[in-house]
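**Student:** Have a look at this prediction, sequence included:
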Amino acid sequence: MNFLFAWRYFKAKKTTNAINIIAWISILAIIIGTASLILVLSVFNGFEDLVKSLYSSFYPDIRVSPATGKQITLSQEQLNKIRSVKGVMNISLVAEEKALLQNGEFQSIIYLKGVDDQYTKVTGVSKHIVKGNFRTGDADFPLLVLGAGIENAVAVQSDRSLAPLVVYLPKKSGVDLSNPLNSISADTINTSGTFLIQQDFDNKYAITNLEFLKRMLGLGADQYGAAELILNQDADPDEVKENLAMVLGNHYLVQTRYEQNQSLYSVMRAEKWVIYAILSLILVVAAFNMIGALTMLVLEKQQDISVLHALGGSRSFIQKIFLSEGVLLAVIGGCSGMLVAVILAVLQVNFKLIPLQGGTFLIDYFPVKLSLSDFLLVGITVLVIAVLASWLPARKAARQEFSLRSE
């Protein structure tokens with residue numbers, strides 16, 4: 001019943017036209033605020049999915065690394081136990097060390113990553129080759145797959161390999177103070193291709209053969225830097241992590257993909273909430289307009305309020321009418337804003353209306369991904385702000401003195 005009265009008050013012609021104008025201004029502000037919130041959150045969703053897909057191309061589902069130090073020892077028996085854990089599809093053994101890569105007068109500090117022949121089945125790096133091929137060679141004739149940034153830094157064409165590069169690595173034995181050069185391993189290596197994923201990887205990593213890297217570092221047969229695992233699609237990473245931790249013990253650090261990039265995901269989530277809080281201020285501005293519109297409506301409907309009271313309407317019922325009026329404005333504005341957001345998002349996905357400037361990213365338009373949770377969050381936000389904004393005028397309407405006589 002109170003919503004029926006609210007709807008009639010909304011449609012009815014007012015003696016003061018300013019009431020209608022302020023009401024529609026508040027609805028327009030809610031439309032803009034709602035659409036802005038959903039669109040910006042959807043763009044964040046799009047970028048988040050894009051970044052996660054890029055990072056998932058390099059980082060595995062599960063990574064087993066040493067709890068302390070740089071190397072782990074994994075016997076064949078332990079590897080078989082890892083493979084037998086439910087949810088594990090495949091395993092790749094890797095090692096990684098900081099190195100100096102030199103091409104004549106050009107040089108670059110890199111992270112040299114040695115991988116086995118199962119690496120392409122565990123990660124998606126091979127799907128991001130932009131030049132040459134993903135070939136790491138063998139222990140006797142190693143090949144190097146460069147990140148795009150490293151390729152530029154050492155001034156080579158990785159798919160041509162006209163002259164071998166020189167790679168310098170520290171030996172596991174440590175520094176020989178009497179002759180520091182004895183502490184460094186050096187060897188030549190040819191290039192086979194270039195990958196382009198994301199600057200964090202492109203400017204940092206070069207990938208080669210695992211046995212070659214182990215020989216240069218002086219690692220034993222069962223010594224590795226880490227084990228990288230890919231899981232079955234229906235596997236729960238947290239459950240697999242717990243089972244692996246039970247199998248391997250406390251000397252191994254088992255991390256899911258989220259834990260390997262926890263700082264990145266935390267920053268992305270924090271940025272999204274900060275933007276949500278800032279854009280919610282648009283709805284707060286709309287709330288002030290709503291307070292003004294409802295306050296003037298209360299003054300406009302003083303006679304009606306007295307009639308309702310005379311007919312038995314309680315103060316609580318009258319308060320609910322004006323609260324419902326605020327909710328009605330919020331529903332009209334919120335639903336319209338959501339509709340506008342959906343239309344603009346669909347147009348952006350299909351026609352790329354807003355491009356990304358600079359041409360340095362992998363895509364040339366703002367990605368958009370609509371999420372039901374964002375619609376629920378924004379809808380609840382609009383309703384809460386509307387109820388709070390309506391409370392003061394509604395309470396004023398309920399507490400005023402009722403009289404059918406006019407002076």
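**Tutor:** Thanks, I have it.

**Student:** The stretch 1-150 of the chain: helices as residue ranges?
**Tutor:** For the stretch 1-150 of the chain, the helices defined by DSSP state H, counting those that start in this stretch cover 2-11, 17-58, 76-84, 119-122, 148-153.

**Student:** Adding mean neighbour count and mean pLDDT as columns, could you present those in JSON lines?
**Tutor:** The way it works is simple: take the backbone N, C-alpha and C, and place the C-beta from them, glycine included. Shown next, in JSON lines, are those (neighbours: other Cβ atoms under 10 Å; pLDDT from 0 to 100):
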{"stretch": "helix 2-11", "mean neighbour count": "15", "mean pLDDT": "72"}
{"stretch": "helix 17-58", "mean neighbour count": "19", "mean pLDDT": "90"}
{"stretch": "helix 76-84", "mean neighbour count": "13", "mean pLDDT": "96"}
{"stretch": "helix 119-122", "mean neighbour count": "18", "mean pLDDT": "97"}
{"stretch": "helix 148-153", "mean neighbour count": "20", "mean pLDDT": "96"}
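
**Student:** Put together JSON lines for those helices, with distance to residue 172 on each row.
**Tutor:** JSON lines is the format used below for the helices of the stretch 1-150 of the chain (distance: least, Cβ to Cβ, whole Å):
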{"stretch": "helix 2-11", "distance to residue 172": "76"}
{"stretch": "helix 17-58", "distance to residue 172": "25"}
{"stretch": "helix 76-84", "distance to residue 172": "21"}
{"stretch": "helix 119-122", "distance to residue 172": "22"}
{"stretch": "helix 148-153", "distance to residue 172": "24"}
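
**Student:** Of the ones you listed, which is nearest residue 273?
**Tutor:** Taking Cβ to Cβ, helix 17-58 is the member of these nearest to residue 273, at 9.8 Å.

**Student:** What are the boundaries of the helices in the stretch 151-300 of the chain?
**Tutor:** 199-202, 210-217, 237-248, 257-260, 262-300.

**Student:** list the buried ones in the longest one?
**Tutor:** Going by neighbour count (16 or more other Cβ atoms under 10 Å), the buried part of helix 262-300 is 265, 272, 275-276, 279-280, 282-283, 286-287, 289-298, 300.

**Student:** Can you lay out the helices of the stretch 151-300 of the chain as TSV showing mean pLDDT and distance to residue 37?
**Tutor:** Shown next, in TSV, are the helices of the stretch 151-300 of the chain (pLDDT from 0 to 100; distance: least, Cβ to Cβ, whole Å):
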stretch	mean pLDDT	distance to residue 37
helix 199-202	93	30
helix 210-217	94	49
helix 237-248	96	31
helix 257-260	94	26
helix 262-300	88	5
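
**Student:** Using JSON lines, please lay out the ones you listed together with distance to residue 348.
**Tutor:** Below are these laid out as JSON lines (distance: least, Cβ to Cβ, whole Å):
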{"stretch": "helix 199-202", "distance to residue 348": "25"}
{"stretch": "helix 210-217", "distance to residue 348": "44"}
{"stretch": "helix 237-248", "distance to residue 348": "32"}
{"stretch": "helix 257-260", "distance to residue 348": "28"}
{"stretch": "helix 262-300", "distance to residue 348": "17"}
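
**Student:** Show me what the helix or strand containing residue 394 is packed against.
**Tutor:** Using DSSP states H and E, the element containing residue 394 is helix 372-399. Contacts defined by 3 or more Cβ pairs under 8 Å, 6 or more residues apart in numbering; DSSP states H and E place helix 372-399 against helix 17-58, helix 262-300, helix 315-351.

**Student:** Okay, domains of this protein per the record?
**Tutor:** With domains defined by automatic domain parsing, the chain comprises 2-55+264-399, 60-260.

**Student:** picking that back up, between the helices of the stretch 1-150 of the chain, which one is closest to residue 128.
**Tutor:** Closest of the helices of the stretch 1-150 of the chain to residue 128 is helix 17-58, at 5.9 Å (criterion: Cβ to Cβ).

**Student:** Distance from the chain centre to that closest one, please.
**Tutor:** 16 Å (Cα atoms, centre = their mean, to the nearest Å).

**Student:** And stretch 395-402, by the same measure?
**Tutor:** For stretch 395-402, the distance to the chain centre is 49 Å (Cα atoms, centre = their mean).

**Student:** now swap in stretch 363-383 and tell me
**Tutor:** Using Cα atoms, centre = their mean, the offset of stretch 363-383 from its chain centre is 13 Å.

**Student:** before we move on, what about stretch 161-174?
**Tutor:** 37 Å.

**Student:** Over to stretch 79-86?
**Tutor:** The answer for stretch 79-86 is 31 Å, by Cα atoms, centre = their mean.

**Student:** Kindly report the same for stretch 4-14.
**Tutor:** Worked out by Cα atoms, centre = their mean, stretch 4-14 lies 44 Å from the chain centre.

**Student:** Need the contact partners of it.
**Tutor:** Stretch 4-14 has contacts (Cβ atoms under 8 Å, 6 or more residues apart in numbering) with 20, 23, 297, 300-301, 321-322, 324-325, 327-329.

**Student:** buried set for stretch 304-316?
**Tutor:** Of the residues in stretch 304-316, 305-306, 308-309, 313 count as buried by neighbour count, 16+ other Cβ under 10 Å.

**Student:** ok, of those residues, which one's closest to residue 46?
**Tutor:** Taking Cβ to Cβ as the measure, residue 46 lies nearest residue 305 of those, at 49.1 Å.

**Student:** Now do the contacts for that closest one.
**Tutor:** 298, 318, 397, 400, 402.

**Student:** Of those residues, grab the buried ones for ChimeraX.
**Tutor:** The buried subset of these, as determined by 16+ other Cβ under 10 Å, is captured in ChimeraX by this line:
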select :298,318,397,400
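
**Student:** now the contacts of residue 305 as TSV including distance to residue 230?
**Tutor:** Below are these laid out as TSV (distance: Cβ to Cβ, whole Å):
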residue	distance to residue 230
298	64
318	64
397	64
400	69
402	73
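
**Student:** quick one, which of the helices of the stretch 1-150 of the chain is nearest to residue 99?
**Tutor:** Nearest of the helices of the stretch 1-150 of the chain (Cβ to Cβ): helix 148-153, 10.8 Å.
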